[in-house]
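# Give me coordinates for this.
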Amino acid sequence: MKFYRLYSKQSLPISKKEAWEFLSNPKNLKVITPDHMGFNILSGGDTPMFPGQIIQYKVSLFPLYSTKWVTEITHVKEGEYFVDEQRFGPYSLWHHKHFIKEINGGVEMEDIIDYKLPFGILGQIAHPIFVENQLKQIFFYREQKLTQLFGTMPNRVKEFKMSSI
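Numbering: from 1, shown residues only. Now for the predicted structure:
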């Protein structure tokens with residue numbers, strides 16, 4: 001049983017309040033997700049975020065294949081962090097922590113995703129071929145989109161790592 005971790009850190013020249021308002025609104029997930037993924041919220045994304053909130057999405061992970069993805073917001077500390085966990089979807093495990101920290105001149109956003117793929121050894125084979133590359137593309141797109149929306153900091157922080165845990 002192999003677990004993987006994606007770690008991403010980015011700084012933006014905006015206030016903590018502005019970052020929280022954007023990142024904690026489920027509707028904005030579509031804005032920072034590549035168009036080719038056909039991401040749409042089906043239900044649960046029309047209220048302010050709260051622990052226990054169930055959000056249902058439809059997403060196309062590969063051409064000609066879409067699936068429902070259901071996540072639960074399990075933890076929320078207003079203005080600082082929230083956690084979403086997959087309840088139904090393409091992963092055996094998906095645990096995504098979102099942190100927002102005030103830094104000089106803006107905020108630092110940190111994402112830590114622990115995940116596991118289904119299908120045993122087949123999932124492990126698929127990871128470096130498909131899954132890892134797709135997750136990299138998604139997070140690089142997000143970084144570019146957030147920079148486009150909010151600007152770049154002069155001494156910007158950027159970090160991205162993927163590993164097995």
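# So in this structure, which helix runs the longest?
The longest helix of the chain (DSSP state H) is helix 132-150.
# where do the helices sit along this structure?
Counting by DSSP H, the helices of the chain are 16-23, 120-126, 132-150.
# one step back: dump the longest helix of the chain to CSV, restricted to CA.
What follows is helix 132-150, C-alpha atoms only, in CSV (Å, rounded to 0.1, in the frame of the first residue of the first chain):
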residue,chain,number,x,y,z
GLU,A,132,1.8,12.5,-11.0
ASN,A,133,2.0,14.5,-14.3
GLN,A,134,-1.7,15.4,-14.1
LEU,A,135,-1.4,16.7,-10.6
LYS,A,136,1.8,18.7,-11.5
GLN,A,137,-0.1,20.3,-14.4
ILE,A,138,-3.1,21.2,-12.2
PHE,A,139,-0.9,22.8,-9.6
PHE,A,140,1.2,24.7,-12.1
TYR,A,141,-2.0,25.9,-13.7
ARG,A,142,-3.2,27.1,-10.3
GLU,A,143,0.0,28.9,-9.6
GLN,A,144,-0.2,30.7,-12.9
LYS,A,145,-3.9,31.5,-12.6
LEU,A,146,-3.4,32.9,-9.0
THR,A,147,-0.5,35.0,-10.2
GLN,A,148,-2.6,36.3,-13.1
LEU,A,149,-5.4,37.2,-10.7
PHE,A,150,-3.5,38.7,-7.8
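# Can you tell me which of the helices of the chain is most buried?
Scoring the helices of the chain by mean neighbour count under mean count of other Cβ atoms under 10 Å gives helix 16-23 as the most buried, with a mean of 17. Placement of C-beta: from N, CA and C, glycine included.
# So which elements touch it?
strand 93-103, strand 106-116 (3 or more Cβ pairs under 8 Å, 6 or more residues apart in numbering; DSSP states H and E).
# Next, work out how far apart Asp46 and Gly120 are.
Taking Cβ to Cβ, to the nearest Å as the measure, Asp46 falls 38 Å from Gly120.
# wait, Phe130
Separation of Phe130 from Gly120 (Cβ to Cβ) stands at 16 Å.
# No more questions from me, cheers.
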